[in-house]
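# Predicted model follows, preceded by the sequence.
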Amino acid sequence: MKQIQIPGKNFPIFVYDTYEEASLAAAEFVAAEIKKKPDFLLGLATGSTPVGLYRALIEKNKKGEIDFSEVKTYNLDEYYPISPRNEQSFLSFMKENLFDHINLKPENVHIPCGEAPDPNLEAEHYEKELLAIGGVDLQVLGIGSDGHIGFNEPDDAFILPTHLVTLTEQTISDNARFFPSKKDVPTHALTMGIGAIMRAKKCILIANGKNKARAIREALLENPSPANQASILQFHRDVTFFLDHDAASEILSFLQDAVADPV
Ligand code: GLP
């Protein structure tokens, strides 16, 4: 592992040789936070990235190192429309990859409902729940290849509340691997907005693979812009990045060039 620093930016960035190492380090970080506060409010993400983290948390829970009995979870997003019982729903994903294997109470799980009759009302309802808690203790984030966090897609603004979003062509293609075919990917989703993500007391973002290198460079190096929604995290009060070498590659070459060619 090496810790890197971007000149002028004060958030910690940890770079690991492998995805497994990055996931284990993120799990140590999350576990240490949960140990400090039994009724922890934990914001969760879906996608393939956090699966390694979830695997490690399951292990720690089984060994008795962390206890989820009083923890409350808040997921970032859910497809719309989708039945929560559909195996491609984010709720099913969370059950399969985390919830069914830890001592978390089902009533402590929060996720937008993909089959609510009115998506805008459901968004309002979820936002009320998020406002009532005043911000999760820790938000786990992945990143889309277009820089999205949750399902906050590239836009000309940062949308603060939970809202219904039209998925981009890129995201539909990226996520088609979880569905029988691309045409089965829902075209919309309900997502926590940038407001709730920024209200989180801490955030961690995990990224691995070359296909994330550009989004990571834009998010961490360039001036924050809604064209890369993750770039708003530069303004977060406590954010830590766990990257594998591939996801960090464009930042690493920027830093090398900066050293080789000091101005
Ligand atoms: C998903 C989620 C995001 C996730 C991103 C990347 O669809 N809405 O929360 O970070 O896309 O997914 P993956 O980790 O599979 O690359």
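Happy to help now that I have it.
# contacts, neighbours, all on C-alpha from now
Fine.
# which residues sit against stretch 146-154?
For stretch 146-154, contacts defined as CA atoms under 8 Å, 6 or more residues apart in numbering pick out 45, 76-77, 141-143, 159, 165, 167-168, 170-171, 189-194, 215-216, 218-219, 226-231.
# Kindly report the same for stretch 128-137.
40, 41, 42, 43, 74, 196, 197, 199, 200, 201, 202.
# got it, and stretch 156-176?
With CA under 8 Å, 6+ apart as the test, stretch 156-176 has contacts from 119-120, 123-124, 126-127, 144-146, 151-153, 182, 184-196, 226-227, 229.
# Just the buried ones among these, please.
119, 123, 126-127, 144-146, 151-153, 185-196, 226-227, 229 (16 or more other CA atoms under 10 Å).
# Of those residues, which are in range of the ligand?
With the criterion set as CA under 6 Å from any ligand atom, the members of the buried ones among the contacts of stretch 156-176 near the ligand are 144, 151.
# Residue of the stretch 51-200 of the chain nearest the ligand, please.
Going by CA to the nearest ligand atom, the ligand is nearest to residue 142 of the stretch 51-200 of the chain, at 3.3 Å.
# Confirm for me that that residue is in contact with residue 208.
No - the criterion here is CA atoms under 8 Å, and residue 142 misses it with residue 208 at 9.1 Å.
# shared neighbours of these two, which are they?
Listed contacts common to residue 142 and residue 208 are residue 49; contacts here mean CA under 8 Å, 6+ apart.
# In three-state terms, label residue 139 for me.
strand (DSSP: H, G, I helix; E, B strand; the rest coil).
# Contacts only, for the closest residue to residue 52 other than its chain neighbours.
Spatial nearest neighbour of residue 52, excluding adjacent residues (CA to CA, 6 or more residues apart in numbering): residue 23 at 5.2 Å. Contact partners of residue 23, counting by CA under 8 Å, 6+ apart, are 50, 52, 53, 56, 206, 242.
# So which of the contacts of stretch 156-176 sit within strands?
The strands, defined by DSSP state E, take in 188, 189, 190, 191 from the contacts of stretch 156-176.
# As JSON lines, these with pLDDT would be great.
Listed next are the ones in strands among the contacts of stretch 156-176 as JSON lines, based on pLDDT from 0 to 100:
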{"residue": "188", "pLDDT": "98"}
{"residue": "189", "pLDDT": "98"}
{"residue": "190", "pLDDT": "98"}
{"residue": "191", "pLDDT": "98"}
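# Appreciated, that's everything.
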